[in-house]
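>>> Here's a sequence, model it:
(one chain, ligands or ions: 2)
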Amino acid sequence: MPTYTDMTRCDGCGECVDICPSDIMHIDPVNRRSYNIEPNFCWECYACVKACPQQAIDVRGYADFVPLGHKVRVLRKEKKGLVFWKVTFRDGRVKEFTFPIRTTPWGSIKSPSAYEAPDPSELSSPMLAHEPAALKVETLPTLPPSN
Ligand code: SF4
Ligand code: SF4
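Ligands and ions are numbered 1, 2, ... in the order given. Next comes the predicted model:
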């Protein structure tokens with residue numbers, strides 16, 4: 001679901017431009033408002049949605065996800081630790097979904113080089129590196145070994 005800017009909310013601060021990994025959020029030189037120059041190349045990472053201080057960036061819902069939808073808005077309530085997805089349908093119905101923000105403190109994630117190299121015998125394991133400890137669980141279900 002690529003993004004688009006609500007021009008009435010955007011103040012042209014450029015934070016979405018700085019953070020977009022696809023380099024497709026640009027500031028219109030005439031209107032001084034941001035716009036997604038190529039929605040087909042949107043990674044749909046929503047970094048711009050989260051970074052926008054004006055909550056000016058909405059999302060175009062795909063037809064299979066919101067068949068009657070015409071607007072998908074993300075609202076952050078940082079103090080409450082919540083994110084709301086608000087879907088407005090063309091027939092006027094509104095549905096809201098609420099999720100907790102899973103914030104990780106800036107700089108707290110270890111870089112891959114900070115981990116010990118896995119033992120070569122672990123290469124045949126169905127686990128990814130440092131699982132299950134990295135997921136903070138004791139065990140994970142695994143498939144029985146194939147013959
Ligand atoms: S969702 Fe990601 S890729 Fe798409 S415009 Fe926003 S920051 Fe760029
Ligand atoms: S971050 Fe928000 S307010 Fe700033 S330019 Fe982008 S859309 Fe506009």
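
>>> ok, the helix or strand of the chain with the lowest mean pLDDT: who's next to it in the sheet?
When the helices and strands of the chain are scored by mean pLDDT, DSSP states H and E, strand 69-77 comes last with a mean of 77. Its sheet considered, strand 69-77 pairs with strand 57-59 (antiparallel), strand 82-89 (antiparallel) by DSSP bridges.

>>> Pull out the buried residues from that strand.
By neighbour count on 16 or more other Cβ atoms under 10 Å, the buried set for strand 69-77 is 69, 71-74. Just so you know, the C-beta spots here come from the backbone N, C-alpha and C atoms, and that holds for glycine as well.

>>> which of the residues you listed lies closest to residue 126?
residue 74 (35.1 Å; Cβ to Cβ).

>>> how about the strands paired with strand 69-77 in TSV, adding distance to ligand 1?
As requested, these are exported to TSV (distance: least, Cβ to the nearest ligand atom, whole Å):
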stretch	distance to ligand 1
strand 57-59	7
strand 82-89	14
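
>>> got the residues of the chain near ligand 1?
3, 19-22, 24-25, 36, 42-48 (Cβ under 6 Å from any ligand atom).

>>> Just the ones in strands from those residues, please.
3, 25, 36 (DSSP state E).
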